[in-house]
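S.K.: build me a structure from this.
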Amino acid sequence: MKEIIIPLILCLCISCGTSHNPPNPTLTQVEQVLFPSGIKGELRYVRNGQPLVILLHGPGFDRKVWFLGTSDDYERSGRAVLLLDVYPGGSPDGVSLASVASDVHSIVEQLRGRFPVIVFHGVSLGAAIAVRTQADYMDANGLILQSLSPQSHFSGIRQADAAALASSPEIKIPSGIRSLFVDPTGSSVELQAQDAGPLNAPMPRGLALAWLKLHDDPSEVRISGVGDRVLVQYGSSDTNLAPKGDWNLGIGVKVYPQIGHIFDLHRRELRTQVISDMLSAADRFAPVR
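M.R.: Numbers count the residues shown, from 1 in each chain. Modelled structure (predicted):
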């Protein structure tokens with residue numbers, strides 16, 4: 001066990017045993033990181049200088065959701081990964097899409113000297129955070145986005161229910177809208193188990209209300225300001241979000257059958273094309289040298 005203190009106390013990293021079995025446990029180094037904003041993360045790498053993929057989870061989940069497959073896929077491809085718990089510390093009402101984007105930007109600034117080439121990969125709210133960060137700061141070499149809405153849609157939460165939720169400083173996503181997150185017709189046992197717990201993780205009120213606002217006004221995400229180094233992936237079962245028509249943004253949009261809002265990559269029959277497209281985009285944005 002070793003302790004690493006980054007100069008200027010940018011973050012505190014402790015190299016320790018992993019909470020997840022890496023693809024090559026003899027080579028992978030793991031640092032548990034606490035950033036000044038209160039955001040926690042797990043940095044997994046073989047060496048400094050690798051392309052770094054920053055993984056941003058969706059609402060109600062935490063960074064463990066990436067252990068369903070995506071983190072390993074990037075690591076096997078020769079990339080470092082940073083898995084973030086995107087809910088920061090501090091006042092729950094002081095959190096917004098813009099403030100979390102600022103937090104992610106500060107994290108990039110802290111790691112840029114070690115990992116100069118960076119890709120954002122986000123799902124749902126995490127994708128919105130990735131886009132907002134890129135639009136505001138242009139930090140990443142490319143974006144890989146899953147289940148990001150290009151148009152207004154019904155969230156499954158009535159206005160009155162949203163007002164009731166807002167009475168608490170931390171908001172739990174009602175179980176009645178879980179169909180928004182998974183394809184209930186064929187989800188794997190692994191995703192169902194993950195869904196049963198972390199989806200109830202509370203979100204800070206400010207961020208939860210910002211997320212609900214995106215359902216009515218997706219322009220808040222600012223997708224038009226990020227350029228064309230973007231891959232967007234959707235599940236065909238995600239009927240509220242799947243794109244209707246051409247975005248005319250010059251970006252790649254892929255739709256995959258039998259997948260819901262959260263991509264179930266434990267289902268082997270669904271993995272191949274999703275992962276292939278994801279890694280092909282990563283090769284374009286951040287090639288391994």
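S.K.: what's in contact with the helix ranked longest in the chain?
M.R.: In the chain, with assignment by DSSP state H, the single longest helix is helix 268-285. Applying CB atoms under 8 Å, 6 or more residues apart in numbering, the external contacts of helix 268-285 come out as 51, 53, 69-70, 73-74, 77, 79, 119, 121, 140-144, 229, 231, 233, 252, 254, 256-259, 263-265. For glycine as for every other residue, the C-beta is placed from the backbone atoms N, C-alpha and C.
S.K.: ok, stretch 131-144 next?
M.R.: Contacts of stretch 131-144 (CB under 8 Å, 6+ apart): 51, 53-54, 97-98, 100-102, 104-105, 108, 117-122, 130, 145, 148, 220-223, 225-226, 229-231, 233, 278, 281-282, 284-286.
S.K.: could you give the mean pLDDT of that stretch?
M.R.: Mean per-residue pLDDT for stretch 131-144: 94.
S.K.: measure it end to end?
M.R.: 10 Å (CA to CA, to the nearest Å).
S.K.: so which bits of stretch 134-154 are buried?
M.R.: 134-136, 139-150, 153 (16 or more other CB atoms under 10 Å).
S.K.: now for the residues you listed: which two are most distant?
M.R.: Greatest spacing in the buried residues of stretch 134-154, by CB to CB: 141 and 153 (29.7 Å).
S.K.: which residue, other than its chain neighbours, is closest to residue 141?
M.R.: With sequence-adjacent residues excluded and distances taken as CB to CB, 6 or more residues apart in numbering, residue 141 is closest to residue 285, at 4.8 Å.
S.K.: burial of the one you found, as a residue count?
M.R.: By the measure other CB atoms under 10 Å, the count of residues near residue 285 is 21.
S.K.: do the same with residue 88
M.R.: 24.
S.K.: same check, this time on residue 38
M.R.: Number of residues near residue 38 (other CB under 10 Å) recorded here: 13.
S.K.: on the three-state scheme, the closest residue to it other than its chain neighbours is what?
M.R.: For residue 38, ignoring the flanking residues on the chain, the nearest one in space by CB to CB, 6+ apart is residue 89 at 2.2 Å. The local conformation at residue 89, judged by DSSP: H, G, I helix; E, B strand; the rest coil, is coil.
S.K.: for residue 89, give me its contacts.
M.R.: Contacts of residue 89 (CB under 8 Å, 6+ apart): 37-39.
S.K.: against residue 281, how distant is residue 75?
M.R.: 16 Å (CB to CB, to the nearest Å).
S.K.: in contact with residue 117, which residues are there?
M.R.: Contacts of residue 117 (CB under 8 Å, 6+ apart): 51-52, 141, 286.
S.K.: can you pick the most crowded of the residues you listed?
M.R.: residue 52 (27 neighbours).
S.K.: show me where this protein dips below the pLDDT cut-off.
M.R.: Applying pLDDT under 70 to the chain flags the ranges 1-26, 149-165, 173-201, 215-216, 218, 239-251, 262-270.
S.K.: tell me where it has helices.
M.R.: Under DSSP H, the chain gives helices at 70-76, 97-111, 125-137, 159-165, 189-196, 205-216, 268-285.
S.K.: out of the contacts of residue 89, flag the one nearest to residue 31.
M.R.: Using CB to CB, the contacts of residue 89 come closest to residue 31 at residue 39, 14.0 Å.
S.K.: and the closest one, its phi and psi?
M.R.: According to degrees, to the nearest 10, the main-chain angles of residue 39 amount to phi -70, psi 130.
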